[in-house]
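Need the 3D shape of this:
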Amino acid sequence: MQRRSFLKQAGLGAVAAGAAVSAPALAQDSPSLSWRLASGFPGALDLRVGAGQAFCKFVSDATGGKFTIRQQADGEIAPAADLMDAVGAAKVECAHVSSSLYFAKNPAFCFDSAVPFGLDASRMNAWMLEGDGLRLTRELFKAQKIVNFPLGNTGPQMGGWSKREIKRATDLKDLKMRVDGLAGQVLAHLGVAPQQADLAKLAEAVEKDGLEAVAGTGAAEDAKLGLNKVGKFYYGPSWWAASEQLSLYINEDAWTKLPKHYQAVVEAAALAVHVKTTAAFDARNPAALAQLAAAGAQVRAFPRSVMDAAFEAAQQVYKELNEKDAKFKAIHDSYMGFRDNGMPWFRLTEGAYDQYLGVALSARS
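The predicted structure follows:
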């Protein structure tokens with residue numbers, strides 16, 4: 001029922017003009033409310049930060065300024081790693097984050113964002129909004145006193161940057177790589193030495209700590225963060241994050257107290273911005289990749305043998321986590337079952353189409 005409610009509000013979010021037209025009616029006899037939204041993203045990641053800003057603007061416009069949400073910069077209310085607790089404790093009404101950040105609190109939170117050999121953006125949307133994703137993740141977040149909504153997706157991601165050329169799985173042994181969460185756990189099975197490093201101090205980490213590689217996201221964000229300074233080899237695809245969903249966290253009590261028509265506006269705003277943000281990433285990444293390649297990046301595909309080794313390592317990690325936590329297993333089985341059941345359709349359609357088009361365009365160039 002929750003996912004149906006989320007989708008039902010799409011009519012409000014179809015066009016911004018529609019929201020503006022309805023604003024006078026909504027404004028009548030509506031309370032004036034002022035919230036804060038804590039961003040969990042640095043300013044350099046403008047598409048992520050912009051998604052939060054667009055969400056706040058939509059809510060204000062649709063309510064004739066009666067319901068305002070002011071976005072707070074990264075770290076202004078609490079460090080990104082503490083925002084889940086901050087929202088749950090009502091220190092701030094809502095936050096915009098990536099749930100993978102809370103792997104140490106509970107690995108199952110990663111299913112709200114990205115997991116190794118998981119869903120791409122379109123299939124993540126399908127699982128969340130038409131499958132059991134929103135129901136299962138909301139059950140998980142309930143213990144944190146949080147109601148979650150999808151609010152943006154990065155679309156396809158790259159694996160990352162490396163000083164070393166990776167031709168086989170053994171080339172990963174003892175590779176000092178900035179990576180964490182489920183990806184770090186899987187890569188550790190392959191011999192990688194996961195490292196923690198401040199993205200703002202990557203050059204220092206490379207020089208003083210011997211950092212040799214860094215997990216990337218998309219080309220546009222990698223360029224903004226200067227990840228190409230770590231190494232010249234740029235590997236894809238990101239098998240540990242086929243796409244990364246971003247999330248809106250709302251304090252459960254604050255959400256419950258919202259008038260129903262304000263809840264409808266929030267749901268419509270989240271859905272509209274979610275779709276637009278994904279489109280923005282898809283529009284920017286191809287050009288950014290071309291620019292990085294022109295600047296000297298050596299773009300490579302992970303060899304099949306490396307992908308196979310990573311896939312097997314991921315299955316081992318999932319097996320261990322499933323055995324430890326029944327709730328993790330319940331979400332895992334739903335998520336991966338949705339992936340597997342959809343594979344014949346997408347392989348026959350999108351997969352075959354993209355493969356043919358790639359060959360056809362290459363032949364013409």
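
okay, now the domains of the chain?
The chain breaks down into these domains under the TED database: 33-155+242-284, 160-240+297-343.

Return the most buried member of these.
domain 33-155+242-284 (a mean of 21; mean count of other Cβ atoms under 10 Å). (Each C-beta comes from the backbone N, C-alpha and C, glycine too.)

pLDDT on that domain, on average?
Mean per-residue pLDDT for domain 33-155+242-284: 97.

And it, how far out from the chain middle?
Relative to its parent chain, domain 33-155+242-284 has a centroid offset of 10 Å by Cα atoms, centre = their mean, to the nearest Å.

which residues in the stretch 101-250 of the chain form helices?
With helices called from DSSP state H, counting those that start in this stretch, the stretch 101-250 of the chain shows them at 121-129, 133-142, 181-189, 202-208, 219-225.

Show me the contact partners of the third one.
Residues outside helix 181-189 that contact it (Cβ atoms under 8 Å, 6 or more residues apart in numbering): 100-101, 103, 107, 110, 115-116, 172, 177, 179, 192, 194, 215, 240-241, 310, 313-314, 316-317.

Among those residues, which ones are in strands?
177, 194, 215 (DSSP state E).

Can I get those in a markdown table including pLDDT and distance to residue 334?
Putting the ones in strands among the contacts of helix 181-189 into a markdown table (pLDDT from 0 to 100; distance: Cβ to Cβ, whole Å) gives the following:
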| residue | pLDDT | distance to residue 334 |
| --- | --- | --- |
| 177 | 95 | 30 |
| 194 | 94 | 28 |
| 215 | 94 | 26 |
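
any idea which of the residues you listed is closest to residue 60?
Proximity of the ones in strands among the contacts of helix 181-189 to residue 60 (Cβ to Cβ) peaks at residue 215, which lies at 35.9 Å.

Please tell me I have it right and that closest one contacts residue 236.
No. In this structure, residue 215 is not within contact of residue 236 by Cβ atoms under 8 Å, at 11.6 Å.

Please identify every residue contacting each of these two.
residue 159.

what distance separates the start and the end of stretch 166-182?
21 Å (Cα to Cα, to the nearest Å).

no, scratch that, I was asking about stretch 111-121
End-to-end distance of stretch 111-121 (Cα to Cα): 13 Å.

Off-centre distance for whichever helix in the chain runs longest?
For the chain, the helix with the greatest residue count under DSSP state H is helix 260-294. With Cα atoms, centre = their mean as the basis, helix 260-294 stands 11 Å off its chain's centre.

State the distance from the nearest residue to residue 150 once chain neighbours are set aside to residue 197.
Nearest non-adjacent residue to residue 150, counting by Cβ to Cβ, 6 or more residues apart in numbering: residue 274, 4.9 Å away. Distance, residue 274 to residue 197, by Cβ to Cβ, to the nearest Å: 30 Å.

Helix or strand for the nearest residue to residue 280 once chain neighbours are set aside, just tell me which one.
Nearest non-adjacent residue to residue 280, counting by Cβ to Cβ, 6+ apart: residue 47, 5.3 Å away. Here residue 47, judged by DSSP states H and E, is contained in helix 46-62.

Now do that helix: which elements does it pack against?
Helices and strands touching helix 46-62, by 3 or more Cβ pairs under 8 Å, 6 or more residues apart in numbering; DSSP states H and E, are helix 16-27, strand 33-39, strand 67-72, strand 94-97, strand 146-153, helix 219-225, strand 245-251, helix 260-294.

CSV please, covering the ones you listed and showing distance to residue 303.
Shown next, in CSV, are the helices and strands packed on helix 46-62 (distance: least, Cβ to Cβ, whole Å):
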stretch, distance to residue 303
helix 16-27, 46
strand 33-39, 38
strand 67-72, 42
strand 94-97, 34
strand 146-153, 28
helix 219-225, 21
strand 245-251, 28
helix 260-294, 19
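
wait, which of those is closest to residue 327?
strand 146-153 (15.3 Å).

so what strands line up beside the closest one?
strand 245-251 (antiparallel) (DSSP bridges).

and the nearest residue to residue 34 once chain neighbours are set aside, what does it touch?
Spatial nearest neighbour of residue 34, chain neighbours left out: residue 68 (5.2 Å); criterion: Cβ to Cβ, 6+ apart. Residues in contact with residue 68 (Cβ under 8 Å, 6+ apart) are 33, 34, 35, 56, 59, 60.
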